[in-house]
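> Quick one, structure for this:
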Amino acid sequence: QLQLVESGGGLVQPGGSLRLSCVASGRPFSGHAVGWFRQAPGKEREFVASISWSGGTTYYADSMKGRFTISRDNAKNTVALQMNSLKPEDTAVYYCAARDSTWPGTKPYEYTSWGQGTQVTVSS
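The predicted structure is shown next:
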């Protein structure tokens, strides 16, 4: 079983930046694609970004393109999500998830291991 732990959330003003980290343990990390999802109160969990096992392929939700960047360091079992130009509508709990595939997906049901989430609040 792959365990995932997110960190880096917090309160930030509109226009600010945050960097989320997801650290994996329990199994080799390099064979798994990883995704970031988020869920705001009263809303369904939505796709944010995902990255292939090699890091060579990335996908982003349209509203995140140009603002968010996903990256990974397999030697450190870590995936990061750099979030810039944050908006109040980015407020949500952000989850890291790993897929039993090397290819990144965009649907929550494609992912089998999930972290506990980290809260991101964008407010002045």
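
> Next, residue 63: phi, psi?
Backbone dihedrals for residue 63, given as degrees, to the nearest 10, come out at phi -70, psi -10.

> Quick check: it vs residue 49, distance?
Distance from residue 63 to residue 49, counting by CB to CB, to the nearest Å: 11 Å. From N, CA and C alone the C-beta is placed, and that goes for glycine too.

> Compare neighbour counts for these two and give me the winner.
residue 49 (25 against 13; other CB atoms under 10 Å).

> Specify the beta-bridge partners of the residue lying closest to that one once chain neighbours are set aside.
Nearest non-adjacent residue to residue 49, counting by CB to CB, 6 or more residues apart in numbering: residue 70, 4.1 Å away. According to DSSP bridges, residue 81 are recorded as the beta-bridge partners of residue 70.

> Quickly note the distance from residue 70 to residue 123.
As defined by CB to CB, residue 70 lies at a distance of 24 Å from residue 123.
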